[in-house]
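A.B. asks: coordinates for the following, if possible.
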Amino acid sequence: MTFVICTDVFMQGFVPNGSYSMRLMDYLSDERFILALDDRIYFEYVAMLRRQRFGFDKNDVNYFLKFIKETAKFVTAEKLKISLIDLHYLKFVEAAKSVKADALITKNTNGFKSAIGVIPVLTPREVFEKLI
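C.D. replies: Reported below is the predicted structural model:
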């Protein structure tokens, strides 16, 4: 399976709280699915993980980013013309559509309502209930 993961889910996956987002990161680390992304998404992940306010260990962050570079499927996303609540979300839809992802995973499904006809949009919990 191939998933595009929004930054909200990605970041929550690093919080050791037993959440579905954390389980997704465990599955990603075990290579149970393929993470698809483009450079815009990757650099957003990098920026978030390196923010000092989160307090992540620099070596752990660098190791995980190297893992993503080695295992993720990087795509050149085709531009789409769909209306979203926040244009910031468009890159996730474009990457998911371009790679024909099994789902775009987000905690904010309302922000992606107009993309649901383009690609499957699921919460982390729905991924486990429906796909994994």
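A.B. asks: where does the prediction get shaky in this protein?
C.D. replies: The chain contains no residues with pLDDT under 70.
A.B. asks: can you map out the strands along it?
C.D. replies: 2-5, 34-37, 73-74, 103-105, 121-122 (DSSP state E).
A.B. asks: any chance of these in JSON lines, plus distance to residue 62 and mean neighbour count?
C.D. replies: Placement of C-beta: from N, CA and C, glycine included. Output for the strands of the chain, formatted as JSON lines (distance: least, CB to CB, whole Å; neighbours: other CB atoms under 10 Å):
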{"stretch": "strand 2-5", "distance to residue 62": "19", "mean neighbour count": "25"}
{"stretch": "strand 34-37", "distance to residue 62": "17", "mean neighbour count": "22"}
{"stretch": "strand 73-74", "distance to residue 62": "18", "mean neighbour count": "15"}
{"stretch": "strand 103-105", "distance to residue 62": "24", "mean neighbour count": "26"}
{"stretch": "strand 121-122", "distance to residue 62": "30", "mean neighbour count": "24"}
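A.B. asks: and these: which comes nearest residue 14?
C.D. replies: strand 2-5 (12.0 Å; CB to CB).
A.B. asks: show me what contacts the closest residue to residue 93 other than its chain neighbours?
C.D. replies: Nearest residue to residue 93, sequence neighbours excluded (CB to CB, 6 or more residues apart in numbering): residue 115, at 4.5 Å. By CB atoms under 8 Å, 6 or more residues apart in numbering, the contact list for residue 115 reads 82, 84, 89, 93, 104, 121.
A.B. asks: can you tell me which of the residues you listed is nearest residue 10?
C.D. replies: Nearest to residue 10 among these, with distances taken as CB to CB, is residue 104, at 12.1 Å.
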